[in-house]
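**Student:** Here's my sequence, what's the structure:
(one chain, ligands or ions: 3)
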Amino acid sequence: MNAKKARNVVVVGTQWGDEGKGKLVDWLTESAQGVVRFQGGHNAGHTLVINGVKTALHLIPSGIMRPGVKCFIGNGVVLAVGKLFEEIEGLEKAGVSVRDRLRVSEACPLILPFHQALDVAREAAREQGGVQKIGTTGKGIGPAYEDKIARRALRVQDLKYPERFATKLRELLKLHNHILVHVLGSRSFDFGPALQPYVKDGEVQFDAVYNEAMRHAELLKPMIADVSRELNDLHAAGGNLLFEGAQGTLLDVDHGTYPYVTSSNCVAGNAAAGAGVGPGMLHYVLGITKAYCTRVGSGPFPTELEWQKEGTPGWIMSTVGAEKGVTTGRFRRCGWFDAALLKRSAQINGLSGLCITKLDVLDGIEELQLCVGYELDGEKIDILPLGADEIERCKPIYETIPGWTESTVGVTDYAKLPANARRYLDRIQEVTGVPIAMVSTSPDRAHTILLHNPYSAD
Ligand code: GDP
Ligand code: IMO
Ligand code: MG
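**Tutor:** Ligands and ions are numbered 1, 2, ... in the order given. Here you go, the predicted model:
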């Protein structure tokens, strides 16, 4: 291995998440020696299908299915240690070794039961107060990032020092229990079975959280590492790295459809900060893009279609695309491909290339609509504006492209795609100005068309 030849790729979602990042990260890992998650938490749900066998991952990088590849959870991830071990045990049962290959940054903020309690109680309060819910995954992601930014989070590092952990936990609980009881009315709130063991009279109990955290500490200790150093060392030794984004660009806390977003930066630039490497180490940004659009949770969606009416394009996307979330089981909203949204995404991420996924789902739709801009307050614009209110007022401007009747399922050669499918892809490249590097034609690892390998230097 040679450091000068080592090449690193960032994979990001370019829409509202669930674009097929997991499948592509697994595919690309054939060329990588290390895979790192750099933001988000177990709100992510990444699905891999290898030789017909399905694996769903939430926290563990999608490189784990390739033997010998090192996997890292970077400092930018908010970590629920119990959920991590549930996932590790699931993989181990399936014969995948994890503990010897997974390293966790000591700077990761912890997600603790009171974060989840705050997340669900806040969403309920929004609904009761007549305010639109965010539609979060209810995993405590937002409250955990709040603690990080407020500089009061408990981090993986703290697990090594029980007294320090206890002191900080007591302080945090004082604050959060006050909010739970006096602001969110938690005494009369039903937290459900998962949180019941931690909550008494509306307050999260110190002993339950502390005792569990200390048990988790013993399990996690062998995997705690200086991830920044290990990544830099691996790169210096000539190893290729893969930075695995979670969520999607329009869920980014700064650039997305705020406030209907997640609480982290999902854009490519954050791969450096969230893993502890310099931006010069990010050589290629691959934008994973569904051949149509989906969104889970609330918030504006200009090209949204009715998806419950049998036989309609929206229904085909939902049913053929099996658009149901792997993290919360919610149905995903579906709509036409939005090239004006992708233009924004390309700009924010500095996309080097696109990977279009789920092309096969559009098989048999007579006519496709491609959104190329919007009418906003009587003016025509060609790129998605910033923030939920403006986007809510955008009326899509569509181009009609004829569909195809042939099946594209499992096609691995670009030339074998139907002419109209190629026309659709060509138009996406033209409007967004980003070349297509890969196309995915089924959930299976093997069913992938390669036009340009992100790991090749030219
Ligand atoms: P991620 O969150 O971006 O990793 O995406 P998810 O795994 O949440 O959702 C993508 C879904 O589409 C998963 O069920 C994948 O197995 C599936 N998938 C990925 N690529 C393709 C494809 O090209 N065609 C079809 N039909 N399904 C795909
Ligand atoms: P992957 O990595 C799709 C959405 C939630 C909600 C908003 C905020 O599988 O693409 P949060 O729990 O993060 O505070 O919820 O973000 N969301 C996702 N939607 N895919 C995901 O991850 C998501 N992670 C969060 O539905 O609208
Ligand atoms: Mg997903």
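**Student:** Just give the nearest non-adjacent residue to A166, would you?
**Tutor:** Leaving aside its chain neighbours, A166 sits nearest to Y210 (6.1 Å; criterion: Cβ to Cβ, 6 or more residues apart in numbering). (Each C-beta comes from the backbone N, C-alpha and C, glycine too.)
**Student:** Who are the packing partners of whichever strand or helix holds that neighbour?
**Tutor:** If you go by DSSP states H and E, Y210 is part of helix 206-220. Applying 3 or more Cβ pairs under 8 Å, 6 or more residues apart in numbering; DSSP states H and E, we find helix 206-220 packed against helix 81-93, helix 113-128, helix 162-178.
**Student:** who's in contact with it?
**Tutor:** Helix 206-220 is touched from outside by 81-82, 84-85, 104, 110, 112-114, 154, 156, 159-160, 162, 165-166, 169-170, 173, 197-198, with contacts defined as Cβ atoms under 8 Å, 6 or more residues apart in numbering.
**Student:** for the protein, what's the longest strand?
**Tutor:** Taking DSSP state E as the criterion, the chain has its longest strand at strand 367-376.
**Student:** The helix holding Y210: how far from the chain's middle?
**Tutor:** Here helix 206-220 is found 27 Å from its chain centre; the criterion is Cα atoms, centre = their mean, to the nearest Å.
**Student:** what do you get for stretch 124-133?
**Tutor:** Per Cα atoms, centre = their mean, the centroid offset for stretch 124-133 relative to its chain is 25 Å.
**Student:** and that stretch with ligand 2, contact?
**Tutor:** No. Stretch 124-133 stays out of contact with ligand 2 when judged by Cβ under 6 Å from any ligand atom, the minimum separation being 9.0 Å.
**Student:** can you pull the buried residues of that stretch?
**Tutor:** If you call a residue buried by 16 or more other Cβ atoms under 10 Å, then stretch 124-133 has these buried ones: A124, A125, R126.
**Student:** Any chance of the residues you listed in JSON lines with distance to G278 and pLDDT as columns?
**Tutor:** Shown next, in JSON lines, are the buried residues of stretch 124-133 (distance: Cβ to Cβ, whole Å; pLDDT from 0 to 100):
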{"residue": "A124", "distance to G278": "43", "pLDDT": "94"}
{"residue": "A125", "distance to G278": "42", "pLDDT": "93"}
{"residue": "R126", "distance to G278": "40", "pLDDT": "92"}
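**Student:** What is the nearest of the residues you listed to ligand 2?
**Tutor:** Closest approach to ligand 2 among those (Cβ to the nearest ligand atom): R126, at 12.4 Å.
**Student:** Name the nearest residue to the closest one, ignoring sequence neighbours.
**Tutor:** Spatial nearest neighbour of R126, chain neighbours left out: K133 (5.0 Å); criterion: Cβ to Cβ, 6+ apart.
**Student:** Wait, the one you found touches R122, no?
**Tutor:** No. Counting by Cβ atoms under 8 Å, K133 does not reach R122; the two are 9.1 Å apart.
**Student:** ok so, going back, looking at the buried residues of stretch 124-133, spot the one nearest F191.
**Tutor:** A124 (9.9 Å; Cβ to Cβ).
**Student:** Pretty sure the closest one sits against D190.
**Tutor:** No. Using Cβ under 8 Å as the test, A124 is too far from D190 to be in contact (9.3 Å).
**Student:** Please read off the pLDDT at G256 from the model.
**Tutor:** Confidence at G256, expressed as pLDDT, is 96.
**Student:** Next: G129.
**Tutor:** Note for G129: predicted pLDDT of 87.
**Student:** Neighbours of the closest residue to S440 other than its chain neighbours, how many?
**Tutor:** Closest residue to S440 apart from its sequence neighbours, by Cβ to Cβ, 6+ apart: T357 at 4.1 Å. The local packing of T357 (other Cβ atoms under 10 Å) involves 26 other residues.
**Student:** Okay, and the beta partners of T357?
**Tutor:** K290 (DSSP bridges).
**Student:** Contacts only, for whichever residue of the stretch 201-350 of the chain sits closest to ligand 1.
**Tutor:** Per Cβ to the nearest ligand atom, V326 is where the stretch 201-350 of the chain lies closest to ligand 1, at 5.2 Å. Going by Cβ under 8 Å, 6+ apart, V326 touches G45, H46, T47, A56.
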